[in-house]
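Novice: okay, here's the prediction I keep looking at, along with the sequence it came from:
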Amino acid sequence: MKRVLIITYYWPPSGGSGVQRWLKMSKYLPEFGWQPVIYTTENAEYPIIDKSLEKDIVPEVEVIRRPIVEPYTFYKKFLGIKKEETIKMGFIEENEKKQGWKKNLSMWIRGNLFIPDARCLWICPSVKFLKHYLKEHPVDAIISTGPPHSMHLIAMKLKEELNIPWIADFRDPWTEIDYFSNLRLTKWASRKHHRLEREVLTLADKVVTVAPDGARRLGRLGNRNVRVIYNGFDRNDDTKTVFTPSEKFSITYLGMLSKAQNPETLWEAIGELVKTDNGFAKDLKINMIGQIDSSVVQCIEAQGLSKHVSYSSYIPHSEVSTVHRSSSLLLLLLMPDSEPRAKGLLTGKLFEYMASGRPVLCIGPENGDAARILKETNAGQTVSFEDKEKIKEIVKDLHQKYLENGLPSNESKEVEKYSRRALAGEYGKLLDKTITE
């Protein structure tokens, strides 16, 4: 079996979306002739812990854990954050707090001194260790996955010194990520971020990302073709729970939800239905599961929906399928058309939503990548952020079908091509091609 070194910060017991792609790829790659060798941390500062994911580490996978210096330990002390508290991802503020000078200074330091990210202190010791390891335990290829994009810089240095074929895998963008402008960068720091990004994009043997629009954007930055291999769903996670109408018309959102994703028109539409339709108001239940920005909570409260909403933090991934299948409607909340990245957003939850067979309502660009996949698989409908009347019409129609026990259940075979096993097969073929060219 050929061996591939996968350099990743996120690995169980980490939970959340960042760990899913390469945990699942490594689970199925051995079926396609590749043994994954995972290089990861032993003492990481993960925002979410989910030990239920450890069951997906198959015996063929070799895992190497090495210590990392985490600046977030000092960050917590500086801001007076308790040691056991976790740092939120993506600039999500779950509580309404004014950013004091300490937080602003910390943000400036993070953006300008820790480049490309807070894990940059792991680059040099990792390169030193892996150079010795790879001489004694050779691999046929290297894959780095970011963010954090420091993982790409580790791989780039190994490529330069050992000339091992290298694939740079971008789960999210680098300089075009939506919060890049929040990093308070100096001109010098911004130039360095862009320079390092171009080096990775041009020196890697192959570049892969998760959505067509993202591939076009990365391709322009590196002047090359970028391959798309989607995220997906794992049928082994799918409990095949038979859907039975719940006592409530339950609308579920699961995952992180930032201020930029807040669909104000959705809450307005649901608020108006509650005020004008007593039956709808009686049946409605909204489940918000995950890290939710305080601006979203404020908007929901302003529409008088608080009594219909339940909030809960992260749930183990082993419970996700049951939550999906017990819902009447699943929400996929992207970004307005005005956001440059909106058309290319393909979150991991999209594919797990599709696998559940439950109706999906996507609020985002109607000509985006997510809208195309939902239409192609008959898994749901997409409405722009601005179209309140269409949102109201769709929700009202689905509620009526709920009353008639006629909520649609998607059985399209097109969904299956987005399974984790099928996508690992695509990656296996790409690896084969990379080492023979």
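Specialist: That came through, no problem. Remember, predicted model here, so these are calculated numbers, not experimental data. Residues are numbered from 1 along each chain as shown.
Novice: longest strand anywhere in this protein?
Specialist: What stands out as the longest strand in the chain, according to DSSP state E, is strand 34-41.
Novice: neighbouring contacts of that one?
Specialist: Strand 34-41 is contacted by residues 1-11, 22, 25-26, 29-30, 60-68, 122, 126, 130, 137, 139, 428, 431 when judged by C-beta atoms under 8 Å, 6 or more residues apart in numbering. Yep, even glycine has a C-beta here, placed from its N, CA and C like the rest.
Novice: now it - C-alpha only, PDB.
Specialist: What follows is strand 34-41, C-alpha atoms only, in PDB (Å, rounded to 0.1, in the frame of the first residue of the first chain):
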ATOM      1  CA  TRP A  34      -3.300   4.500   0.200                       C
ATOM      2  CA  GLN A  35      -2.300   4.300   3.900                       C
ATOM      3  CA  PRO A  36      -2.700   7.600   5.700                       C
ATOM      4  CA  VAL A  37       0.000   8.800   8.000                       C
ATOM      5  CA  ILE A  38      -1.500  11.600  10.100                       C
ATOM      6  CA  TYR A  39       0.800  14.200  11.500                       C
ATOM      7  CA  THR A  40      -1.100  16.300  14.200                       C
ATOM      8  CA  THR A  41      -0.700  17.800  17.600                       C
END
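Novice: distance of Q400 from E393?
Specialist: Going from Q400 to E393 by C-beta to C-beta, to the nearest Å gives 11 Å.
Novice: hmm, back to that, the contacts of strand 34-41 in helices, which ones?
Specialist: If you go by DSSP state H, the contacts of strand 34-41 have 22, 25-26, 126, 130, 428, 431 in helices.
Novice: dump the residues you listed to TSV, plus pLDDT and neighbour count.
Specialist: TSV is the format used below for the ones in helices among the contacts of strand 34-41 (pLDDT from 0 to 100; neighbours: other C-beta atoms under 10 Å):
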residue	pLDDT	neighbour count
W22	98	23
M25	98	27
S26	98	27
S126	98	23
L130	98	24
G428	98	20
L431	98	22
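Novice: near S412, how many other residues are there?
Specialist: 12 (other C-beta atoms under 10 Å).
Novice: low-confidence ranges, this structure, go.
Specialist: The chain contains residues with pLDDT under 70 at 72-99, 101-103, 239-246.
Novice: for stretch 181-188, how far is the first residue from the last?
Specialist: 14 Å (C-alpha to C-alpha, to the nearest Å).
Novice: list the buried residues of it.
Specialist: 183, 185 (16 or more other C-beta atoms under 10 Å).
Novice: now do the longest strand of the chain: distance to the chain's middle.
Specialist: Relative to the chain's own centre, strand 34-41 is displaced by 20 Å; criterion: C-alpha atoms, centre = their mean, to the nearest Å.
Novice: and for stretch 127-147?
Specialist: Chain-centre distance of stretch 127-147: 25 Å, with C-alpha atoms, centre = their mean.
Novice: output it as PDB, nothing but the C-alphas.
Specialist: Extracted in PDB, the C-alpha atoms of stretch 127-147 (Å, rounded to 0.1, in the frame of the first residue of the first chain):
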ATOM      1  CA  VAL A 127       9.800  20.400   9.700                       C
ATOM      2  CA  LYS A 128      12.800  19.300  11.800                       C
ATOM      3  CA  PHE A 129      11.000  16.300  13.100                       C
ATOM      4  CA  LEU A 130       9.400  15.200   9.800                       C
ATOM      5  CA  LYS A 131      12.700  15.400   7.900                       C
ATOM      6  CA  HIS A 132      14.200  12.800  10.100                       C
ATOM      7  CA  TYR A 133      11.000  10.700  10.300                       C
ATOM      8  CA  LEU A 134      10.500  10.600   6.500                       C
ATOM      9  CA  LYS A 135      14.100   9.500   5.900                       C
ATOM     10  CA  GLU A 136      13.400   6.400   8.000                       C
ATOM     11  CA  HIS A 137       9.700   6.000   7.100                       C
ATOM     12  CA  PRO A 138       9.300   7.200   3.500                       C
ATOM     13  CA  VAL A 139       6.000   8.300   2.100                       C
ATOM     14  CA  ASP A 140       4.900   8.600  -1.600                       C
ATOM     15  CA  ALA A 141       3.100  11.900  -1.200                       C
ATOM     16  CA  ILE A 142       2.200  14.700   1.200                       C
ATOM     17  CA  ILE A 143      -1.100  16.400   1.800                       C
ATOM     18  CA  SER A 144      -1.400  19.600   3.900                       C
ATOM     19  CA  THR A 145      -4.800  20.800   4.800                       C
ATOM     20  CA  GLY A 146      -5.700  24.400   6.000                       C
ATOM     21  CA  PRO A 147      -6.800  26.400   7.800                       C
END
